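Q: Sharing a model prediction with you, sequence too.
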Amino acid sequence: MAGRIAFASLGCAKALVDSEQLIARLRALGYELVPAYEEADLAIVNTCGFINPAIEESLTEIGLALEKTPKVVATGCLGARPEVIRAAHPGVLAVTGPAQFDAVLEAVTRALPPDTDPKTALVPPRVRLTPRHYAYLKIAEGCDNRCSFCIIPKLRGPQVSRPLDEVLREAEGLVRTGTRELIVIAQDTLAYGRERGERGTLFKLLDGLAELGVWVRLLYVYPYPEVEVLVEKMAEGKLLPYLDVPLQHASPRILRAMRRPGDAERYLERIRAWRRSVPELTLRSVFIVGFPGETEEDFELLLDFLEEAELDRVGAFTYSEVEGAAANALPGRVPEEVKEERYHRLMERQAEISARRMRRWVGRTIPVIVDEPGEDGAWIARGPGDAPGVDGVVFLEGEGVRVGERYLAQVEGADTYDLFARVQSPLPASPGGGAK
Ligand code: SF4
């Protein structure tokens, strides 16, 4: 073995896939991955630089690694701003930007010479940090939008889509090794292929994935008109009836300042149409409260929108300035206490809506996938409406249940975010993996 490396992966699912690819390359060079900094010769921290709390978390993690490991390499989104990391931690060995695998490997191999035994190169091109039965499938890197609060396009550059056949091959490999749910991600999934002038490549990809007989879930959908095509795919059972559309706000004034499309009325019309096509649809969205210039009137418009739209799953953030974001120059900074107060009002209102939405499942039969054993002989599972890590779960009871398998389950109860269900039977095989 070439040396022992501890790895910390912070941030979103896209960063997690970068970590998986980097770990696979380290393993191919003969490095051993260890779970604790104190056991390692070198630590790698894959950082997040999206908003200030994420930057703080990344800097704290680098500090923890430096206390316990002699050598630390920082990479990832915050690595695009090396001066921030070096100012806080001058002792880091190297700082590299997001997905700069070669630069990380160069820093690591310089500090810890690699294993030259050719046998160790026989490892897969990606190591999975998720359980075997679900996997993130990253289809593109970067983003061509210019939302005023976001510096991802500066950190990760313009969008570069992976070739369709390469993505399909990766998906087939994942399914062969036990994946039962593919979670398709990018900064802007619906724009897949667009920078090459291609239209509809995502839909071809989704058709190909549906033939693999597993669940396919799509995250980070920008509210383009093409969402309608996704909804058709859901109606055909090719895609899980789950739509993750981060709308960010509902007030047209604030959306314009965010450089994002739409307004409450147009969103409501579209949501009604989506639900007419796919009544079992779960809608997830994320909102920013306290954006510069947000008045009480704008905020109440957002609350009214939530009440009308009855979204199933909602996440919210208070606006925080990110160095380099265009929104920093906007007038009308909202005081911290007002942002906090609005955040709590929004989450309380949404909790009532969410509880109402969850109750509609009671008495119905839904497909579920089992993630892990729970307490008292029950199991933790998820239905089509639950993306891992961000949504609720289904507490499942039944005999002979196995992790990673899919079942039909009768829903017996619900609370604000979770369901309680009993296994009825294994899920019958079908294209789209019984998504419908
Ligand atoms: S769509 Fe907007 S928020 Fe999302 S990564 Fe691109 S610029 Fe950032």
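A: Noted; the coordinates are in hand. Numbers count the residues shown, from 1 in each chain.
Q: so how many other residues sit close to Asp207?
A: 14 (other Cβ atoms under 10 Å). C-beta: built from backbone N, CA, C; applies to glycine.
Q: what packs against whatever helix or strand it lives in?
A: Element membership for Asp207, per DSSP states H and E: helix 201-210. Helix 201-210 sits against helix 164-176, strand 181-185, strand 215-218, helix 227-235, with contacts defined as 3 or more Cβ pairs under 8 Å, 6 or more residues apart in numbering; DSSP states H and E.
Q: repeat that with 7 Å
A: Helix 201-210 is packed against helix 164-176, strand 215-218, with contacts defined by 3 or more Cβ pairs under 7 Å, 6 or more residues apart in numbering; DSSP states H and E.
Q: Switch these over to JSON lines; also include distance to the ligand.
A: Converted to JSON lines, the helices and strands packed on helix 201-210 look like this (distance: least, Cβ to the nearest ligand atom, whole Å):
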{"stretch": "helix 164-176", "distance to the ligand": "19"}
{"stretch": "strand 215-218", "distance to the ligand": "15"}
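Q: With mean pLDDT added, can I get the ones you listed in JSON lines?
A: Listed next are the helices and strands packed on helix 201-210 as JSON lines, based on pLDDT from 0 to 100:
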{"stretch": "helix 164-176", "mean pLDDT": "95"}
{"stretch": "strand 215-218", "mean pLDDT": "96"}
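Q: Can you say which of the ones you listed is packed in most?
A: Sort the helices and strands packed on helix 201-210 by mean neighbour count, taking mean count of other Cβ atoms under 10 Å, and strand 215-218 sits at the top with a mean of 26.
Q: what helices or strands is that one leaning on?
A: Strand 215-218 sits against strand 181-185, helix 201-210, with contacts defined as 3+ Cβ pairs under 7 Å, 6+ apart.
Q: Let me know which of those is the nearest to the ligand.
A: strand 181-185 (11.5 Å; Cβ to the nearest ligand atom).
Q: Need the winner for burial among the helices and strands packed on strand 215-218.
A: Each of these was scored by mean neighbour count; the highest is strand 181-185, a mean of 24, by mean count of other Cβ under 10 Å.
Q: For that one, which outside residues touch it?
A: The contact list for strand 181-185, computed with Cβ atoms under 7 Å, 6 or more residues apart in numbering, reads 13-14, 133-139, 171, 174, 209, 214-220, 369, 387.
Q: show me the contacts for the residue of the stretch 251-400 of the chain found nearest the ligand.
A: As assessed by Cβ to the nearest ligand atom, the ligand sits closest to Arg260 within the stretch 251-400 of the chain, at 7.3 Å. For Arg260, the contact set (Cβ under 7 Å, 6+ apart) comprises Cys147, Gln248.
Q: From Pro153, how far out is it?
A: To Pro153, Arg260 is 14 Å away according to Cβ to Cβ, to the nearest Å.
Q: Kindly report the same for Pro131.
A: 32 Å.
Q: Could you confirm Val314 falls within a helix?
A: No - Val314: not assigned to a helix; according to DSSP: H, G, I helix; E, B strand; the rest coil it is strand.
Q: hang on, isn't it packed against Ser285?
A: Yes - the pair Val314 / Ser285 is scored as a contact, 5.9 Å apart, by Cβ atoms under 7 Å.
Q: Quick check on these two: which one has the bigger neighbour count.
A: Higher neighbour count among Val314 and Ser285: Ser285, with 24 against 20, using other Cβ under 10 Å.
Q: What pLDDT is listed against the more buried one?
A: Note on Ser285: pLDDT of 97.
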